[in-house]
Each structure stands twice: as structure tokens, then as C-alpha cells.
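1. With the sequence up front, the predicted model follows.
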Amino acid sequence: MSLPVGVGRSAGALRRLRLGDRAYRRALQALGLVVLGIFAAVGVSLFVQAWPALVHSGPGFVTGTTWDPNKAIYGVLPFIVGTLLTSAIALVLAIPIGIGAAIFLSEYAPRRIAAPLGVLVELLAAVPSVVYGLWGLLVLAPIFVSTVEPPLTQLPFARGPALGVGLLLAGVILAVMILPTITAVTRDLMSSVPAATREAVYGLGGTRWQVVRRAVLPSVRVGIIGGVVLALGRALGETMAVTFVIGNSNQIPRSLLAPTQTLASLIANEFTEATEPFHASALLSAAVVLLVIALLVNTLARLLVWSVSREMRETG
Amino acid sequence: MSVIPLALPDRRALIREASVASRRRRTVAGLVAASLCVVALLVALVPIVWIIVYTISQGIAAWSVDFFTKLPHPAGIPGGGIANALVGSLIIDGLAALMALPVGILAALFLAEFSGRLAGTVRFVMDVAAGLPAITIGLFAYAVIVVPQHHFSAFSASVALGVLMLPIVIRAGEGALRTVPNDLWEAGLALGVRRARVARSIVIPTAIPGLVTASLLAISRAVGEAAPLLFTAIGSQVFSTSVGGAMASLPLVVYQNGIQAYPDLQQNAWGTALTLLVLVVVLNVSARLLARRMRRHAR
């Protein structure tokens, strides 16, 4: 039984109702536009402030390896390299550990253990990044100097003094920070795989590990990649934790242990003291480069995650 | 419900393994893999337990009544507290929430209520914006507020944190509003009531626990952020409640004291880190509890 909306009402009342709904819709649409405008303004305002230094430096801004505010020479290549290398180290460490932990939580651990452990791992994601940085500088760095780094200096790509702070420590701290993202995304995806998929492999006489490797992991592969790229986006833009432990050297790192600088740590370290010509503008240009990298990575991550959720809606 | 299909080569590989490899070899492989996963989980748990236990032990040592009620001392003079940073964080984060949460919840209502190209765009942009580096958002507030005004201010910090909170509260808020059963929306509309009235009187009250959860998550993210404050609130050694000027805040104290070589200042950094940790955990746990209660309620 369904009556048309507004039955028994005058035409005028009905029109007022429609007009009211239209105004409501318009107001919310306008709000949506405002929100979009705010984030467009983030990009535009950074670009406007960055423009003088971009003109001053030309294409050398991205390809130059010298950053010398006293001579007004600004090249951000060392920081792009530093940003990519610290994040790469973080991924190399966090991917196997994060996925391994997720496999255990979703496939092996009894629920009673898995649930609290999962909460604990997710809690790691809520810890403020300054706390990671403080722990990295005051607790982990001394251990790196005394124990971790001396044996590593024998390796050809890790020459140089064991300072504690530097590329490796920054990568390790970032790995700790992105672990929860990778573990949580992977675990949630694996738990969403339908039982029939697992049973198909059990039915063929597969062991539990074969079920994981042949049935579960292949069907969530794209989603895991999406989660990893999301974690990468977080690592690339992380400022505080890295600034504590990066060592602040404006050089392209020659060694795994060398102190270096990421785009974010450069800005955090120099911005409040930027009084030389174009210095502040050059730092904002570095922020634009960081923003572009972060946008590319995050868009890729979202497209991957979206394609998975669409697939699941269609097949599941 | 259909099944995510197994790829053909995988099935062949399975049959080959079943016929060629002995059962024992597969069992051994399974044991090795399972132990590696256990090791991975233990490795993942080491840093979290380490950070939490260490922060608690160092932080408790720094905590005292004076720590929460006194102003910071200059380097070298022991003691000193974080009273100004506590109040500063409260003002900066409170103002940020006041600006961001209403806008965010209404934007969430827009996404939950209307479909279309604009809604799709907002949703996608919010997803991407949630991953923007916090420092770039701090520089945005610097560019649009600090530069024209020629001075740092707590207000610019609130704007930065508010922008940071928006994507979180919008996406989580949309999720909360979508848990309101369609029947309720339709029941309201069938009474011939305006949509705005249905939203105000039926949908939002029903979704309140979820909306509070979304807000708490956004606030807990903002409370711990130091990067957007570096060039906006900038920090302060004195007590200030004026949002037009520089202001101290908890995450800035952790950073600015933590990188000093003085043990007293580092001690204060640990005490402040523990304060932040407690705040963030309380916010997160209450968000979780509310969300769980809401789920039970929905069933």
C-alpha cells in the first residue's frame, strides 16, 4: 500500500515542500563545493607561495643537488632521494612482517588471541608520530650506535661512521609506523574471503598453508597492494618522526647509515629560520614537490582499493 | 553468492604438488610458513610494547602535580611543567573541532543523502586528502593566515588542524549515517516531511553514536599532530590564552624538548609524550566502545 507523497494536502503546501527540499539540496551541495574548495586552496596557496623560488631556480630546482640558502642555490634532488630511500627501506621491512602478522592473525590464531592482538597492533596506528620520533632518537639511536650499525659498516653500501641517526634509523622508524596499516588492511581483506574459496582447496587435499597461498592470498592481492601503497603515502609525508632521527644533512646519502634529509624534514628543520632570499619560497616549492608525490601515491592507492571493493560487491 | 575464482595455473600447481610431493613435505612447508608468521607477529609486537612500556616508565617519573600546574623552566633549571601546553592544546584542538566538526558532519550528510557526480568527487577527494602530509596542511594555514597577518597564531594552527580533521570526520560520518536503516528515512519522507526535517529529527539523532565516534577519531588524530603547528602556533614558553598569538601545545613540547641535549628537558618530553598517549588512547577507546554499542543497537 503506497500513497503518493503529500496526499490530502493543498497544491500550495506541496509546492512549499518541494521548494524546501530543493533549498536543502542546494545548501548541502554548496557545502560539498566549499569542502572541495578548501582542498583546492591547499594546493593553490602552496603553489602561489612557491612560485618566486620556482622561477628563480628554473628546472634546476628538481634536478639540482646543491641546497645552499646562503648563495640562494636551491636544488631538491637530495631530498627527493632521501624521501624515496627512507620510504623504500620502510616498505622492505614492513611488508613481510606486516603481511606475515596479518596471515597469523586471520588464518592461524584463535579468535580469543587474534582480537586483542589486532587491537594492540591498531593502537600502534594511533600513537602520535612525535612519540615515535622521541623513542627513535633517545632509545633506538644509542642502540644503533653501539650494537646494530658497527657490524653493518663492513658492508659495501653501509660504509662510514655509525652515527645512529640517518637513513637506516629513519627507515626503521617509518617501518614501525606503517606496519599497523599494512597488517590491518591485509587482515581485514583475508577475513573477507568467502569460506567456499578456502574449502575448494581443502577439498583438493590442500594443507592450511596451501589454502593461504593458493586461495586466500591470490584473491586479495590487489587489495594488499592498495594497502601497501596507502602506507607508502603515509611514509613519504611523515614529518615529525623522521625529523628526529634523519641526521639533517643536505647531501644525497652515499651509504645506508649516512645522515640525510627528506622533503618533509627539510621543511620542518629550516622553515622558521628561513630569512635568506627565496629560502622560504624554496621550502614551499619543496612542499609542492612533496604534495605532488603524495597526491600521485594516494590516488593510486585509492584507485586500487576502490577496484577491489567494486569487485567484491560484484562477485560477493 | 559466487566465489572468487581460482586462477587456472594455481589449480594445476596444486594438482602437481598433491601428486608429486609427499604429504610430509607439504606438512613441513606449512609448519615453516606458520612459524614465520608467528615470528612476524612477534617482531611486529616488539616495538609497540617497547614504546608503550618505555613511555610509561619515563613519563611517570616526570609526572607530578608541578608538572601539570607549572610553566616550563629554561634549560638547565630542573623542574618546570606543561600547564601552558595543556591549556594551549585544549584551545587549539577545541577551536579546530568547533570549526571542522559541523562542516564535516553536514558534508557527510550530503554524501549519505545525495548521489551524483559532485558527491562522488567529494568522496574521492576526501579519500585522497586523508593521506595528505600534515606538514603541507600546516604550510597552507601559514600561507593563507600567517603570511597576510605577519605573525604566528594559535588560530592559524586551529585552521590547519581543522582541515586535517575534515576528511576523517566526513568519511567516518558518512559511514555512520549510512547505518541508519532506509526504512527510517522513507518513513519520514512518507509522512510528507521535508528532507531537512527528516535529517534533523530522525537520521542524525539515530546516527549520533556513530557521529560522535567519527568526531573522536578526528580529534584524536589532530591532538597528536605536531607538524601542522610548527609554522602556525609555533610554541611558547609562557602562558597564553589569546588565539591571535603564539601558543604552546603538547606535541610541540615533545618535539622541542626531545631534541635538546638537557636531561631535564628530555624528561619533560617523556612526561608530555605519556600525557599525549593517554589522551589519544582514551579518545580511541571511547570511539571504539561507542561504535560497538551502535553496532549492537543496530542489530
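-> On my side now, so go ahead.

2. Show residues contacting stretch B:177-185.
-> Counting contacts by Cβ atoms under 8 Å, 6 or more residues apart in numbering or on different chains, the residues outside stretch B:177-185 that touch it are B:108-109, B:112-113, B:198, B:202-204, B:206-207, B:210-211, B:294, B:298. Backbone N, C-alpha and C define where each C-beta goes, glycine included.

3. same deal with stretch A:22-35?
-> Contacts of stretch A:22-35 with the rest of the structure, by Cβ under 8 Å, 6+ apart, involve B:103, B:106-107, B:109-111, B:113-114, B:118-119, B:122, B:125-126, B:166, B:170, B:194-196, B:199.

4. Buried subset of these, written for PyMOL?
-> Paste this into PyMOL to select the buried members of these, with burial taken from 16 or more other Cβ atoms under 10 Å in any protein chain shown:
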select buried, chain B and resi 103+106+107+109+110+111+113+118+119+122+125+126+166+170+194+195+196+199
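
5. List buried residues within the contacts of stretch B:177-185.
-> The neighbour-count criterion (16+ other Cβ under 10 Å) marks B:108-109, B:112-113, B:198, B:202-204, B:206-207, B:210-211, B:294 among these as buried.

6. buried ones in stretch B:168-181?
-> Going by neighbour count (16+ other Cβ under 10 Å), the buried part of stretch B:168-181 is B:168, B:169, B:170, B:171, B:172, B:173, B:174, B:175, B:176, B:177, B:179, B:180.

7. The last one and chain A, how far apart?
-> The reference is to residue B:180. Distance of residue B:180 to chain A, computed by Cβ to the nearest Cβ, to the nearest Å: 16 Å.

8. Tell me the one of the buried ones among the contacts of stretch B:177-185 nearest residue A:117?
-> Of all the buried ones among the contacts of stretch B:177-185, residue B:294 has the smallest distance to residue A:117: 24.0 Å, by Cβ to Cβ.

9. For the residue in the stretch 151-300 of chain A positioned nearest to chain B, give me its contacts.
-> The stretch 151-300 of chain A approaches chain B most closely through residue A:237 (2.6 Å), counting by Cβ to the nearest Cβ. Counting by Cβ under 8 Å, 6+ apart, residue A:237 makes contact with A:264, A:290, A:294, B:131, B:132, B:133, B:134, B:135, B:136.

10. hmm, try it at 7 Å
-> A:264, A:290, A:294, B:133 (Cβ atoms under 7 Å, 6 or more residues apart in numbering or on different chains).

11. before we move on, what about residue B:221?
-> B:164, B:165, B:168.

12. out of the residues you listed, who's nearest chain A?
-> When these are compared for distance to chain A (Cβ to the nearest Cβ), residue B:164 comes out closest, at 10.5 Å.

13. Just give the number of residues close to that closest one.
-> When neighbours are counted by other Cβ atoms under 10 Å in any protein chain shown, residue B:164 registers 24.

14. and what of residue B:72?
-> A total of 24 residues lie near residue B:72 under the criterion other Cβ under 10 Å.

15. Once you drop chain neighbours, what's closest to it?
-> On the basis of Cβ to Cβ, 6 or more residues apart in numbering or on different chains, the spatially nearest residue to residue B:72 that is not a chain neighbour turns out to be residue B:80, at 4.6 Å.

16. Okay, domains of chain B per the record?
-> Per automatic domain parsing, the structural domains of chain B span B:8-62, B:65-298.

17. Now the weakest link among those domains, please, by mean pLDDT.
-> Comparing mean pLDDT across the domains of chain B, the weakest is domain B:8-62, with a mean of 82.

18. and that one with chain A, contact?
-> Yes. Contact check for domain B:8-62 against chain A, using Cβ under 7 Å from any Cβ of the partner chain: residues in range are B:10, B:14, B:18, B:26-27, B:29-30, B:33-34, B:36-38, B:40-41, B:43-45, B:47-48, B:51, B:54-55.

19. now for the helix or strand hosting residue B:43, which elements pack on it?
-> Here residue B:43 is covered by helix B:23-62, with elements defined by DSSP states H and E. Packed against helix B:23-62, as judged by 3 or more Cβ pairs under 7 Å, 6 or more residues apart in numbering or on different chains; DSSP states H and E, are the following elements: helix A:77-103, helix A:111-126, helix A:129-135, helix A:167-191, helix A:208-210, helix B:263-298.

20. ok, back up a step: dihedrals phi and psi, the residue of the stretch 151-300 of chain A closest to chain B?
-> Note on residue A:237: backbone dihedrals following degrees, to the nearest 10 are phi -100, psi 0.

21. Now it. Nearest residue, chain neighbours left out?
-> In space, not counting the residues next to it along the chain, residue A:237 is nearest to residue B:133; the distance is 2.6 Å by Cβ to Cβ, 6+ apart.

22. Count the neighbours of residue A:136 for me.
-> For residue A:136, which is what you asked about, the neighbour count (other Cβ under 10 Å) is 28.

23. I figured it hits residue A:175, correct?
-> No. Counting by Cβ atoms under 7 Å, residue A:175 is not a contact partner of residue A:136; they are 11.1 Å apart.

24. Please enumerate the helices of chain A.
-> Counting by DSSP state H, chain A has helices at residues A:11-57, A:60-63, A:77-103, A:111-126, A:129-135, A:141-143, A:149-152, A:167-191, A:195-203, A:208-210, A:217-237, A:240-245, A:263-270, A:279-315.

25. One more: the stretch 51-200 of chain B?
-> Under the criterion DSSP state H, counting those that start in this stretch, the stretch 51-200 of chain B contains helices at B:65-69, B:83-113, B:117-129, B:134-141, B:147-149, B:154-178, B:182-190, B:195-198.

26. Looking at the ones you listed, spot the one closest to residue B:285.
-> helix B:154-178 (15.9 Å).

27. Just the buried ones from the residues of domain B:8-62 next to chain A, in PyMOL syntax?
-> Selecting only the buried entries of the residues of domain B:8-62 next to chain A in PyMOL, with 16+ other Cβ under 10 Å as the criterion:
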select buried, chain B and resi 10+14+26+29+30+33+34+37+38+40+41+43+44+45+47+48+51+54+55
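
28. since we're on the closest residue to residue A:117 other than its chain neighbours, how many residues are nearby?
-> In this structure, residue A:117 finds its nearest non-sequential neighbour in residue A:105, 6.3 Å apart by Cβ to Cβ, 6+ apart. The local packing count at residue A:105 equals 25, with neighbours defined by other Cβ under 10 Å.

29. how close does residue B:173 sit to residue B:197?
-> With distances defined as Cβ to Cβ, to the nearest Å, the gap from residue B:173 to residue B:197 amounts to 20 Å.

30. again, but for residue A:108
-> Relative to residue B:197, residue A:108 is positioned 52 Å away (Cβ to Cβ).

31. Could you do residue B:32 as well?
-> Here residue B:32 is placed at a distance of 63 Å from residue B:197 (Cβ to Cβ).

32. Tell me which of the helices and strands packed on helix B:23-62 lies nearest to residue A:272.
-> Counting by Cβ to Cβ, and looking across all of the helices and strands packed on helix B:23-62, nearest comes helix A:129-135 at 16.6 Å.

33. Please export the C-alpha coordinates of the closest one as CSV.
-> Extracted in CSV, the C-alpha atoms of helix A:129-135 (Å, rounded to 0.1, in the frame of the first residue of the first chain):
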residue,chain,number,x,y,z
SER,A,129,54.3,10.5,15.5
VAL,A,130,56.3,12.7,17.8
VAL,A,131,56.3,9.8,20.3
TYR,A,132,57.8,7.5,17.7
GLY,A,133,60.4,10.2,17.0
LEU,A,134,61.3,10.7,20.6
TRP,A,135,61.6,6.9,21.1
